[in-house]
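In: need a structure here:
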Amino acid sequence: MFKKIVNYCKACYDELAHKTTWPTRAELTHSAVIVLSASLVIAAVVFIMDSAFRFVMEMVYPH
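Out: Now for the predicted structure:
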């Protein structure tokens with residue numbers, strides 16, 4: 001049982017250290033900018049939809 005765990009850990013290390021391709025700093029920065037931009041766009045869309053819905057609900061149910 002212990003030998004299986006050790007072999008599994010060695011295989012995992014070998015996979016991560018020698019077979020995995022890691023992104024370069026430029027690729028990572030580019031991906032982060034894309035994710036940040038998409039998050040801001042989605043947040044803006046949700047804000048606009050929420051504001052529109054609130055406006056409609058205040059017209060239907062005035063204070």
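In: Show me which helix or strand of this structure is least confident by mean pLDDT.
Out: When each helix and strand of the chain is scored by mean pLDDT, DSSP states H and E, helix 2-14 comes last, with a mean of 94.
In: Provide the contact partners of that helix at residue level.
Out: Helix 2-14 is contacted by no other residue when judged by CB atoms under 8 Å, 6 or more residues apart in numbering. (Glycine included, C-beta is placed from N, CA and C.)
In: What's the separation between residue 40 and residue 17?
Out: Separation of residue 40 from residue 17 (CB to CB, to the nearest Å): 36 Å.
In: Repeat that for residue 8.
Out: 15 Å.
In: and if you look at residue 38?
Out: From residue 38 to residue 17 the distance is 32 Å (CB to CB).
In: Also residue 47?
Out: The value you get for residue 47 to residue 17, if CB to CB is used, is 44 Å.
In: what number of residues lie near residue 2?
Out: A total of 6 residues lie near residue 2 under the criterion other CB atoms under 10 Å.
In: Residue 23 now?
Out: If we define neighbours as other CB under 10 Å, then residue 23 has 10 of them.
In: who are the neighbours in contact with it?
Out: Residue 23 sits in contact with residue 31, where contact means CB under 8 Å, 6+ apart.
In: what helix or strand is residue 45 on?
Out: helix 25-60 (DSSP states H and E).
In: That helix: how far from the chain's middle?
Out: From the chain centre to the centre of helix 25-60 is a distance of 14 Å (CA atoms, centre = their mean, to the nearest Å).
In: Also stretch 14-21?
Out: With CA atoms, centre = their mean, you get 23 Å for stretch 14-21.
In: tell me the centre residue of this protein?
Out: residue 35 (6.9 Å; CA atoms, centre = their mean).
In: any idea of the pLDDT on that one?
Out: We note a pLDDT of 98 for residue 35 in this prediction.
In: now it: how far from residue 55?
Out: 31 Å.
In: One more: residue 7?
Out: 63 Å.
In: Over to residue 62?
Out: 12 Å.
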